[in-house]
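Colleague: sequence first, predicted model second:
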Amino acid sequence: MKDRYLGVIGGSGLYQIEGLEVEKEVEIKTPFGRPSDKYTIGILQGHKVVFLPRHGRGHHINPSQINYRANIYGMKQLGVGAILAISAVGSLKEEIEPGHVVVVDQFIDRTYGRSSTFFEDGIVAHISFADPLCPSLRQSLLRAAQKAEARVHAEGTYVCMEGPQFSTRAESNLYRQWGADVIGMTNLQEAKLAREAEICYATLALSTDYDCWHETHDDVTVDAILEVLRKNVALAKKVIKNIVLLIEERSPCDCHQALKNSIITDRQCLSKETMKRLSLIVGKYFEKG
């Protein structure tokens, strides 16, 4: 990834990166609308980093209203080759205690009505999504979390729910029966779009609570979450500092050619508008002219 930058998408509580030497803030307009906020570009531990707060500074965008396509497109436009997503989650397993972190490896989709693809309105692509997180970036993230002395779980399935309400008790118990490990509201769309944009993507899930299934713990409340979240954010900042030193050492992956055999639509069927909108993402797969 020597010619590409690391992108960091900050979740609840993470609105800036400690130690980042800010070079500039960039406001980007994309064919898919405006991203959540300005992108902060700077140097961390000698490496270029692009940071975006998922919910906007001040946390004013709810999970269903985040413009995921614009956020990921903006990262692509800025030359980001790998994205580390920080996400607050509820735990669905006894052993994943509040304060622990999970390096997610699978997703279950429980969202509806969100835009999860760049490929529509005249172009179709079917990417492989069996393993939705970049395995190489996940290993770097695991090492970075261990180096930060986090209580880290090396894998886990993330249920992505619509929100913004928390789960009912029946839903929480259902997800546990499915074998899911954590529950959140944002990362699935990012992972799908990052794969389409041929950007490596990995999630550091910060456990803040036991959702509402745990009989001996209070039901999830914002106050309880924020108390744990403050500690988790401090830990996440250490992990980010660690991963920038490991990112170039990671093994090769296939993320940067995810679209190679995925675009089904014949070039002759594509309108100029479609090609213009997606040229940043698909341009290398079509001859000029």
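Modeller: Nice, thanks for sending it over.
Colleague: ok, Ala82 touching Cys134?
Modeller: Yes: assessed by C-beta atoms under 8 Å, Ala82 is found in contact with Cys134 at 7.2 Å. Backbone N, C-alpha and C define where each C-beta goes, glycine included.
Colleague: which residues do those two both contact?
Modeller: Applying C-beta atoms under 8 Å, 6 or more residues apart in numbering, one finds that Ala82 and Cys134 are jointly contacted by 200-202.
Colleague: of those residues, just say which sits nearest to Arg110.
Modeller: Minimum separation from Arg110 among those (C-beta to C-beta) is found for Tyr201, which lies at 19.3 Å.
Colleague: distance check, Tyr175 against Glu155.
Modeller: To Glu155, Tyr175 is 16 Å away according to C-beta to C-beta, to the nearest Å.
Colleague: ok, the residue positioned nearest the centre of the chain - contacts?
Modeller: A centroid search over the chain (C-alpha atoms, centre = their mean) returns Ala85, at 3.8 Å, as the residue closest to the centre. With contacts defined as C-beta under 8 Å, 6+ apart, Ala85 is in contact with 8-9, 11, 54, 186-187, 190-191, 201-204.
Colleague: Tyr175 and Glu155 - which one has more neighbours?
Modeller: For Tyr175 and Glu155, the more surrounded residue by other C-beta atoms under 10 Å is Tyr175, and the numbers stand at 23 against 13.
Colleague: which non-adjacent residue is nearest the more buried one?
Modeller: Residue nearest to Tyr175 in three dimensions, not counting chain neighbours: Val159, with 5.0 Å by C-beta to C-beta, 6 or more residues apart in numbering.
Colleague: list the contacts for that neighbour?
Modeller: Counting by C-beta under 8 Å, 6+ apart, Val159 makes contact with 92, 107-108, 110, 175, 178, 180, 182-184.
Colleague: okay if I get those as JSON lines plus secondary structure, distance to Gly42 and pLDDT?
Modeller: As requested, the contacts of Val159 are arranged in JSON lines below (DSSP: H, G, I helix; E, B strand; the rest coil; distance: C-beta to C-beta, whole Å; pLDDT from 0 to 100):
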{"residue": "Leu92", "secondary structure": "coil", "distance to Gly42": "36", "pLDDT": "96"}
{"residue": "Phe107", "secondary structure": "strand", "distance to Gly42": "30", "pLDDT": "98"}
{"residue": "Ile108", "secondary structure": "strand", "distance to Gly42": "35", "pLDDT": "98"}
{"residue": "Arg110", "secondary structure": "strand", "distance to Gly42": "35", "pLDDT": "97"}
{"residue": "Tyr175", "secondary structure": "helix", "distance to Gly42": "38", "pLDDT": "96"}
{"residue": "Trp178", "secondary structure": "coil", "distance to Gly42": "40", "pLDDT": "98"}
{"residue": "Ala180", "secondary structure": "coil", "distance to Gly42": "36", "pLDDT": "98"}
{"residue": "Val182", "secondary structure": "strand", "distance to Gly42": "30", "pLDDT": "98"}
{"residue": "Ile183", "secondary structure": "strand", "distance to Gly42": "32", "pLDDT": "97"}
{"residue": "Gly184", "secondary structure": "strand", "distance to Gly42": "27", "pLDDT": "96"}
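Colleague: that's all I had, so thanks and see you.
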